[in-house]
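> Whatever this is, show me its structure:
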Amino acid sequence: MGNPYRGEVVLTVDGVERVMRLSLGALAKLEARLGAEGVLPLIERFERGAFKADDLIALLWAGLTGAGWEGSETDLRQAEISGGAMGAARAAGLLLRLTFTLPEPADD
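Model prediction:
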């Protein structure tokens, strides 16, 4: 299980739970890969739902490599992601949200 206080989100890839985290290096690579003019325009693209499948793969790959995964973007394109496209989009949205905000405390 990922630690939300570290901005971690779990994504199941080919049946294996993998942690994602957007380190600064991963964010920089993602900005360059997607041609974003900074982090805020990148976040806005996803918030508006104006992202493409290629953007989604790039974000997930950045999160996986930010947490130490050594697979390539091509590996991820060929992998089975739990929940399909909708599961991938949910995980990506959560990854962005936890990277830039603190998780809400659990109700006890």
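> distance between stretch 12-22 and the chain's centre?
10 Å (C-alpha atoms, centre = their mean, to the nearest Å).
> Show the end-to-end separation of that stretch, please.
For stretch 12-22, the first-to-last residue distance is 17 Å (C-alpha to C-alpha, to the nearest Å).
> Only the buried residues of it, if you could.
By neighbour count on 16 or more other C-beta atoms under 10 Å, the buried set for stretch 12-22 is 13, 18-22. All C-beta spots, glycine's among them, are computed from the backbone N, C-alpha and C.
> Which member of those is positioned nearest L56?
Using C-beta to C-beta, M20 is the member of the buried residues of stretch 12-22 that lies nearest L56, at 12.4 Å.
> measure that closest one to E37 for me?
Relative to E37, M20 is positioned 23 Å away (C-beta to C-beta, to the nearest Å).
> Now the element after the lowest-mean-pLDDT helix or strand in the chain, going C-ward?
Across the helices and strands of the chain, mean pLDDT, DSSP states H and E gives its lowest value to helix 39-47, namely a mean of 83. Remark: after helix 39-47, the chain's next helix or strand is helix 53-66, criterion DSSP states H and E.
> May I see the buried residues of that next one?
For helix 53-66, the buried set under the neighbour-count rule, 16+ other C-beta under 10 Å, comprises 55-66.
> Can you name the residues that contact V9?
Going by C-beta atoms under 8 Å, 6 or more residues apart in numbering, V9 touches 2, 19-21, 63, 91, 94-95, 98.
> Over to F51?
Neighbour list for F51: 45, 59 [criterion: C-beta under 8 Å, 6+ apart].
> mind redoing it with 6 Å?
R45 (C-beta atoms under 6 Å, 6 or more residues apart in numbering).
> how close does it get to L42?
F51 is 9 Å from L42, by C-beta to C-beta.
> Could you give the number of residues near the residue nearest to A36 when sequence neighbours are not counted?
Spatial nearest neighbour of A36, chain neighbours left out: L42 (4.1 Å); criterion: C-beta to C-beta, 6 or more residues apart in numbering. The tally of other residues near L42 (other C-beta atoms under 10 Å) stands at 21.
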